[in-house]
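Undergrad: just a sequence and a predicted model for now, questions to come.
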Amino acid sequence: MRIYGIDHIQVAIPSGSEQQARSFYAGVLGLDEIPKPAELVSRGGMWFQVGAMQLHLGVEAEFHPARKAHPALLVEGLDDLIALLEKNGYPTRTAETLSGTRRAFVEDPFGNRIELMQRHSSS
């Protein structure tokens with residue numbers, strides 16, 4: 001037996017907030033929304049393809065934002081993304097560089113923490 005990868009990460013969002021989530025994750029971050037399986041559509045939320053992985057946004061009735069736990073998204077053009085986020089009203093916070101990886105944090109519209117990482121070889 002071995003665990004060999006991660007299929008998806010799920011982030012909670014409040015009930016009825018799908019359009020606001022779509023505006024941030026697809027509109028600002030530019031993630032590609034993919035269809036949820038028909039048997040899960042009634043639960044709300046949405047799914048996005050991020051490279052070989054998926055980011056699932058799931059509705060949580062008693063929602064509390066994840067302020068520490070977070071997905072970390074690999075990006076190219078971190079400075080451009082930070083500028084776009086700031087222009088759209090999403091303040092960012094830069095973090096120390098680790099092993100040649102530049103990092104910043106942003107909160108989604110619901111207060112969930114998102115890490116943005118640009119590896120040394122990205123421009």
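TA: Yes, it's here. Keep in mind it's a predicted model, so treat the numbers as computed, not measured.

Undergrad: switch to C-alpha atoms for all contacts and neighbour counts from now on
TA: OK.

Undergrad: strand partners of the worst-scoring helix or strand of the chain on mean pLDDT, parallel vs antiparallel please.
TA: For the chain, counting by mean pLDDT, DSSP states H and E, strand 92-98 ranks last in confidence among helices and strands (a mean of 93). Strand 92-98 sits in its sheet next to strand 101-107 (antiparallel), going by DSSP bridges.

Undergrad: can you give the distance from the strand it pairs with to the centre of its chain?
TA: Strand 101-107 has its C-alpha centroid displaced from the chain centroid by 11 Å (C-alpha atoms, centre = their mean, to the nearest Å).

Undergrad: likewise stretch 7-15?
TA: 9 Å.

Undergrad: and stretch 24-31, what's its mean pLDDT?
TA: In this model, stretch 24-31 has a mean pLDDT of 97.

Undergrad: list the buried ones in that stretch?
TA: 24-25, 28, 31 (16 or more other C-alpha atoms under 10 Å).

Undergrad: okay, it in CSV with CA atoms only?
TA: What follows is stretch 24-31, C-alpha atoms only, in CSV (Å, rounded to 0.1, in the frame of the first residue of the first chain):
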residue,chain,number,x,y,z
PHE,A,24,-13.2,35.3,-7.5
TYR,A,25,-11.9,31.9,-8.4
ALA,A,26,-12.7,32.0,-12.1
GLY,A,27,-13.0,35.7,-12.8
VAL,A,28,-10.0,37.0,-10.8
LEU,A,29,-7.7,34.0,-10.3
GLY,A,30,-8.6,32.6,-13.8
LEU,A,31,-9.2,29.0,-12.7
